[in-house]
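Below is the structure, and that's it, no one-letter string:
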């Protein structure tokens, strides 16, 4: 048996850090058979360890500094070299860990990963591949970019499509992934200048389905939805808000009359079970594609379970050599 | 602190700085080194955006910082560096200051 994979986890990143992050890291070491390098302030992390000691498979690297959620990403990644975030990325670069997980400032995580790990040759900008649940389907849909690169050139969307296809193949096991370009209509001429130019460049790309619309998200129309980071992030947040409203509506109805409350006793457990696929904590975080290392970004309010799932995704990315496969795919274009 | 700001491998001149800058920038932008002339404008001629320049700054700090402890490029100065020549002159001055 080879050496276990080591995952660096930014213990200080996220709304519920460090307590939930440390709890998740300890669980991950226990459940996943990986080693965890907790990176954070010694004084904040140690009291959260069982009896103040590091369990087997868990290491701690003291990082005196911290990147907060509202800091300017590039500046934070550049100037805060002793932060838990930058040190996590540095651990990957130096080979002390094979992947990193962070739930803190997304932009700063992207910048730290980019600056410490470097870019894959042929990729101008990294992109976040967000798995979106598709009810009833075998695997999620990927939205790329979920918010890493806000302003994009048309060529970069083509790169996102290539990375998305390879990632869908490697991680989701889709043999011939299909790609859609998110636009405001299905017809080829739809969209702004960015979309129109990207469409022309993608027209003959393998697996290109054409334009898709917002309503195709969470449906099996295509495996990979490509867009710029600004639109992708707005789309994601819109989905989140709409789902929350729909859930509130359903549970409101089930509380509205005595008969509905009776029905609710039967239906509510089923609904809660079905809705668990929509829980962001269960998706396992989003992978930053295009950097020369594995970086998984978990959502800001990550629970311990979310950290375990993000760590699982990170370990699987190492196991399946996602970065090597992406490099090959980009080289072969 | 004077004890930490010493030159470890002798002074680095403008030619050496230009060569290092060329190599690193060509790598970052994935362009031919020959395009990176002294008069080239980072944005207009080479298509470098702010993120590419930050990558360049990191690469230069890493490489030159190993040779001249204390060498650093201030982010606020980046806006004043439009051409390769300006960047080389700036870096040489910074190296001189760090090694002094």
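Nice, I can see it. Note that the structure is predicted; figures quoted are calculated from it, not measured. Numbers count the residues shown, from 1 in each chain, chains lettered A, B, ... in the order given.

Now residue A:111. Nearest residue, chain neighbours left out?
Once flanking residues are discounted, residue A:111 sits nearest to residue A:77: 3.6 Å by Cβ to Cβ, 6 or more residues apart in numbering or on different chains. All C-beta spots, glycine's among them, are computed from the backbone N, C-alpha and C.

buried sites along the helix or strand hosting the one you found?
Using DSSP states H and E, residue A:77 falls within helix A:73-79. Judged by neighbour count (16 or more other Cβ atoms under 10 Å in any protein chain shown), helix A:73-79 contains these buried residues: A:73, A:74, A:76, A:77, A:78, A:79.

One more: stretch B:79-88?
Neighbour-count burial for stretch B:79-88 [16+ other Cβ under 10 Å]: B:81, B:83, B:84, B:85, B:87, B:88.

For chain B, which element, helix or strand, carries the lowest mean pLDDT?
helix B:50-67 (a mean of 88; mean pLDDT, DSSP states H and E).

Double-check that residue A:38 belongs to a strand.
Yes: under DSSP: H, G, I helix; E, B strand; the rest coil, residue A:38 sits within a strand.

do stretch A:308-328 and chain B meet?
No: using Cβ under 8 Å from any Cβ of the partner chain, stretch A:308-328 never reaches chain B; the gap is at least 13.9 Å.

How far off centre is that stretch?
Here the centre of stretch A:308-328 is set off from its chain's centre by 12 Å, with Cα atoms, centre = their mean, to the nearest Å.

gap between the two ends of it?
29 Å (Cα to Cα, to the nearest Å).

quick one: the helices in the stretch 201-333 of chain A?
Using DSSP state H, counting those that start in this stretch, the helices of the stretch 201-333 of chain A run over A:229-253, A:258-275, A:280-283, A:304-319, A:322-331.

From residue A:99, how far out is the residue nearest to residue A:286 when sequence neighbours are not counted?
Distances taken as Cβ to Cβ, 6+ apart place residue A:130 nearest to residue A:286, at 4.4 Å, with adjacent residues excluded. With the distance defined as Cβ to Cβ, to the nearest Å, residue A:130 ends up 17 Å from residue A:99.

of those two, who's got more company?
residue A:99 (29 against 26; other Cβ atoms under 10 Å in any protein chain shown).

Across the sheet, point out what pairs with the more buried one.
Under DSSP bridges, the beta-bridge partners of residue A:99 are residue A:7, residue A:294.

For it, report the pLDDT, please.
The per-residue pLDDT reported for residue A:99 equals 98.

and it, how far is that from chain B?
As judged by Cβ to the nearest Cβ, to the nearest Å, residue A:99 and chain B stand 21 Å apart.

shouldn't that residue be in contact with residue A:5?
Yes: at 7.2 Å, residue A:99 counts as touching residue A:5 under the criterion of Cβ atoms under 8 Å.

okay, and the common contacts of the two?
A:315, A:318 (Cβ atoms under 8 Å, 6 or more residues apart in numbering or on different chains).

which stretch in the helices of the stretch 201-333 of chain A is the model least sure about?
Across the helices of the stretch 201-333 of chain A, the lowest-scoring stretch is helix A:280-283, with a mean of 77.

That one - contacts with which helices or strands?
Judged by 3 or more Cβ pairs under 8 Å, 6 or more residues apart in numbering or on different chains; DSSP states H and E, helix A:280-283 is in contact with helix A:304-319.

residues from chain B in reach of chain A?
So far as Cβ under 8 Å from any Cβ goes, chain B lies against chain A at B:28, B:30, B:50, B:51, B:54, B:55, B:57, B:58, B:75.

For ChimeraX, what selects the buried ones among those?
With 16+ other Cβ under 10 Å as the criterion, this ChimeraX line picks the buried residues out of the residues of chain B next to chain A:
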select /B:28,51,54,55,57,58
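
Now flag whichever of the residues of chain B next to chain A is closest to residue A:297.
residue B:51 (17.4 Å; Cβ to Cβ).

Quick check: that closest one touching residue A:73?
No: taking Cβ under 8 Å as the definition, residue B:51 is not a contact partner of residue A:73, at 9.8 Å.

Give me the common contacts of those two.
Joint contacts of residue B:51 and residue A:73 (Cβ under 8 Å, 6+ apart) are residue A:111.
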